[in-house]
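Asks: I'd like to go over a predicted model; first the sequence, then the structure.
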Protein chains: 4
Amino acid sequence: MPKIVDEQMREATRRKILREAAREFARLGFDQANINLIAEQAGIGKGTIYLYFENKRELFLAMLRTIAQTQLGTVRAALAEAGTLEQRLARLFLAFARLAEEDSDSFSVYMSALYGVNRAFQAEATRLLRDYLAVISLVLEQGQANGEIQSDDIEASSLLVLSLTESYILSARVLDWPEAEITNRAEAIAHTIIQGLAPKPTVT
Amino acid sequence: MPKIVDEQMREATRRKILREAAREFARLGFDQANINLIAEQAGIGKGTIYLYFENKRELFLAMLRTIAQTQLGTVRAALAEAGTLEQRLARLFLAFARLAEEDSDSFSVYMSALYGVNRAFQAEATRLLRDYLAVISLVLEQGQANGEIQSDDIEASSLLVLSLTESYILSARVLDWPEAEITNRAEAIAHTIIQGLAPKPTVT
Amino acid sequence: MPKIVDEQMREATRRKILREAAREFARLGFDQANINLIAEQAGIGKGTIYLYFENKRELFLAMLRTIAQTQLGTVRAALAEAGTLEQRLARLFLAFARLAEEDSDSFSVYMSALYGVNRAFQAEATRLLRDYLAVISLVLEQGQANGEIQSDDIEASSLLVLSLTESYILSARVLDWPEAEITNRAEAIAHTIIQGLAPKPTVT
Amino acid sequence: MPKIVDEQMREATRRKILREAAREFARLGFDQANINLIAEQAGIGKGTIYLYFENKRELFLAMLRTIAQTQLGTVRAALAEAGTLEQRLARLFLAFARLAEEDSDSFSVYMSALYGVNRAFQAEATRLLRDYLAVISLVLEQGQANGEIQSDDIEASSLLVLSLTESYILSARVLDWPEAEITNRAEAIAHTIIQGLAPKPTVT
DNA sequence: AATGAATGAGAATTCATTCAT
DNA sequence: AATGAATGAATTCTCATTCAT
């Protein structure tokens, strides 16, 4: 069974490279990041990296894709649990806050790709954005079916939810607000959204 | 008084450099942008740029500061006009949308600085963020005084407003939504915010 | 006797490598040729090539030697048949023309080794040159014995014959002359040589 | 007049680079030659070379062109002087011998380009070959007009002359024949050619 | 003050070769 | 014997910055 062991080794190395790449790219950005250093920190020769990724650009894209998968999984899990719409939106907020905190390398590398100037990177990052919107749309639709909110444009509302959630956390971090301060706002933010999207009172 | 003429010339050249720098940095990002090209497009010699800015980094920072001043002026003007809080927030949204559209170079260079990995650039960009928050806070305080909203943490609410506004526009643009679609949402967004921050009904 | 079978296999593999090497070296030259590609096209593993040849350089030299043997065989055969000296020199010319056409990979790899800058390769290629000269010298000596030509320096005359023959074909090919045009000159060239080396008329 | 001085300086530097390039390329061939080393030996910074030549390949081609001009000039001069056809062909031979001896770097770099595998280089080198043929054709035509030779295909005869001359010298050098031995053959070779191309005796 | 020629640090990538399996 | 994953030396070219004019 050397095949399976080899395959596992290969996968482990690949993951190690991606992890170190995320760290390096988060620290310095795409252009300043040094492939040699990534290889070194991954404990492999600098030529070896090219056995796993065609070039620097492809490494970056592969890393973006990996990050996207992980983050989308986390967000999906957060929204999967039952509860009122407000509770679920609060969990969404907390999920993002946790991502930003615990996997801040990935988070910042993602944001810089999304809002940076490199079109190829932006396109890849936008894919995750769309996935987020799809997931949130589903939740909002359920909320609408339950009469919790009322929206004539679910996609626009989803973008409202996502923008607010993501950007709030991001900005708060940039402003150096303490982590607790951020997570404490989860319920208030969720409440604001629900209020904002509240169904119009029906006349009897 | 040739002194004044010289001074004016110098200022004109400086501005020209900054304008071309914004274009180039927006197009390629800090690292890929080429100083020689900026000089060429500004109609000056390669070496001359260093008589105006210490180095590439300082040029970028000076450009960020210039952009910040311009944008803050626009936003201030939008919020200065009278009207209900909802109207003013809608105008804020539209002001950002216009900035993103009409001065997209500056806008994108700013966003990539804010969400990018370079700490020095982020710090500079954060300054504008704080200025925005201060301006919005003022407006919200007035709204609170008028009973239009009710917030126990004006700064947090300001961040909510700013995050939502800025990120909504940014994301919509990344998603390639048509400009009209974006500006059309101004009132709905403003309305949502007002609803979300609505004062609790007082029991009589 | 599995020994013999093994030996045959080994020899077959060796020959396959040499054939693919000639193709690759002819296509790209020594430096640009890729050992991995040669191995791949020979249907063996990258490492295997080093069980047959010490390194890239030795592979190239071995290939040169193989080519030399083949080409010398062809030329010898062409000169072996009976006929007047003029007929034999015309056959020599045609033999070279055929080599250049039918085994152009080998021919071009050889010429670039001979006229290239790598001393080790040039030395190896020169060996074939000397062998050619020896063969031609023999033929000229016979021609002299028969009174067909008259030369006070057979070696120099051999070089004259070889230079003219080889270089004429090579240059004509570089100039993109059609193959037929080249072979058509065989007799004229042979005739010119014979005339040029004609014995001085003896006074009676 | 700093313009003229600058222009002279620039031209001098350019020539120095080309000279060192010829040396380096002759020593190691195109691929093994090191741009940094060429710059160093030319006494300039390694970036400077790129102010004069776009890249390594263009440097090589420029060098080939320079060599071609020089060599063609030498050959033209050799053939320009009056004399019998035989004398002129002997001078042609000697001119090539001198080029091969005194400017052996250029000579070998040229030969390896002509017979090497790089099509771009070969095309450039072939141009010189054609120029040589044109010059020799002119001379042969004059010889024919004078009744010194008789050829039904001047171009083919020119190639015969050139191939023999060039290749004889080249091969003799590869075979390590002493220089004197080579130059001594000039008249014999010229004589052989004239004999070989001798007009058919007319019957009276 | 303005210029642009010259510089050289720096980094991605290739590929011959090794060696554990 | 055969393999191919891993290695790292080696090299071209770019571009921010300097400085003599």
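Replies: Arrived safely, thanks for sending. Here the structure is a predicted model, which is why all the values come from computation and not from measurement. Numbering: from 1, shown residues only, chains lettered A, B, ... in the order given.
Asks: stretch A:142-150 and chain B, are they touching?
Replies: No: using Cβ under 8 Å from any Cβ of the partner chain, stretch A:142-150 stays clear of chain B, coming no nearer than 10.3 Å. C-beta here means a position set from N, CA and C on the backbone, and glycine is covered the same way.
Asks: end-to-end on that stretch?
Replies: Counting by Cα to Cα, to the nearest Å, you get 11 Å between the two ends of stretch A:142-150.
Asks: helices or strands up against the helix or strand where residue A:172 lies?
Replies: Using DSSP states H and E, residue A:172 maps to helix A:154-174. Judged by 3 or more Cβ pairs under 8 Å, 6 or more residues apart in numbering or on different chains; DSSP states H and E, helix A:154-174 is in contact with helix A:85-102, helix A:119-145, helix A:179-184, helix A:186-196, helix B:119-145, helix B:154-174, helix B:186-196.
Asks: what's the angle from the second one to helix A:186-196?
Replies: I take that to be helix A:119-145. Angle of helix A:119-145 versus helix A:186-196, following axes from the mean of the first three to the mean of the last three Cα atoms, to 10 degrees, is 70 degrees.
Asks: show me what helix A:119-145 is packed up against.
Replies: With contacts defined as 3+ Cβ pairs under 8 Å, 6+ apart, helix A:119-145 has these neighbours: helix A:56-80, helix A:85-102, helix A:104-115, helix A:154-174, helix B:154-174.
Asks: now the first one: average pLDDT?
Replies: If I follow you right, that is helix A:56-80. Average pLDDT, helix A:56-80: 96.
Asks: any idea how far that helix is from the middle of the chain?
Replies: Put simply, helix A:56-80 sits 7 Å off its chain's centre (Cα atoms, centre = their mean, to the nearest Å).
Asks: looks like residue A:71 contacts residue A:100 (just checking).
Replies: No: with contact defined as Cβ atoms under 8 Å, residue A:71 does not count as touching residue A:100 (10.1 Å).
Asks: show the contacting residues for the residue lying closest to residue A:139 once chain neighbours are set aside.
Replies: The spatial neighbour of residue A:139 that comes closest, neighbours along the chain excluded (Cβ to Cβ, 6 or more residues apart in numbering or on different chains), is residue A:79 at 5.4 Å. Residue A:79 makes contact with A:88, A:91-92, A:95, A:135-136, A:139 under the criterion Cβ atoms under 8 Å, 6 or more residues apart in numbering or on different chains.
Asks: just the closest of those residues to chain B, please.
Replies: Taking Cβ to the nearest Cβ as the measure, residue A:136 is the one of the contacts of residue A:79 closest to chain B, at 12.1 Å.
Asks: how far away is the most centrally placed residue in chain A from chain C?
Replies: For chain A, residue A:71 is the residue whose C-alpha lies nearest the centre (Cα atoms, centre = their mean; 4.3 Å). For residue A:71, the distance to chain C equals 39 Å [Cβ to the nearest Cβ, to the nearest Å].
Asks: related to what we said a few turns ago, want to throw the contacts of residue A:79 into JSON lines with pLDDT, distance to DNA strand E and neighbour count?
Replies: As requested, those are exported to JSON lines (pLDDT from 0 to 100; distance: Cβ to the nearest atom of the strand, whole Å; neighbours: other Cβ atoms under 10 Å in any protein chain shown):
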{"residue": "A:88", "pLDDT": "96", "distance to DNA strand E": "42", "neighbour count": "22"}
{"residue": "A:91", "pLDDT": "97", "distance to DNA strand E": "39", "neighbour count": "19"}
{"residue": "A:92", "pLDDT": "96", "distance to DNA strand E": "36", "neighbour count": "25"}
{"residue": "A:95", "pLDDT": "96", "distance to DNA strand E": "33", "neighbour count": "19"}
{"residue": "A:135", "pLDDT": "96", "distance to DNA strand E": "34", "neighbour count": "19"}
{"residue": "A:136", "pLDDT": "97", "distance to DNA strand E": "36", "neighbour count": "24"}
{"residue": "A:139", "pLDDT": "96", "distance to DNA strand E": "41", "neighbour count": "18"}
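Asks: nearest to residue B:197 among those residues?
Replies: Of all the contacts of residue A:79, residue A:92 has the smallest distance to residue B:197: 19.7 Å, by Cβ to Cβ.
Asks: show the backbone phi and psi for residue A:149.
Replies: In terms of degrees, to the nearest 10, the main-chain angles of residue A:149 are phi -140, psi 170.
Asks: isn't it right up against residue A:200?
Replies: No: taking contacts as Cβ under 8 Å, residue A:149 lies outside contact range of residue A:200: 10.7 Å.
Asks: who's more crowded, these two?
Replies: Remark: of residue A:149 and residue A:200, residue A:149 carries more neighbours, 23 against 6, as counted by other Cβ atoms under 10 Å in any protein chain shown.
Asks: give me the contacts around stretch A:139-155.
Replies: Stretch A:139-155 is contacted from outside by A:79, A:84-86, A:88-89, A:92, A:133, A:137, A:157-158, A:161, A:194, A:197-200, using Cβ under 8 Å, 6+ apart.
Asks: tally of neighbours for the closest residue to residue A:121 other than its chain neighbours?
Replies: Distances taken as Cβ to Cβ, 6+ apart place residue A:113 nearest to residue A:121, at 4.2 Å, with adjacent residues excluded. Residue A:113: 29 surrounding residues under other Cβ under 10 Å.
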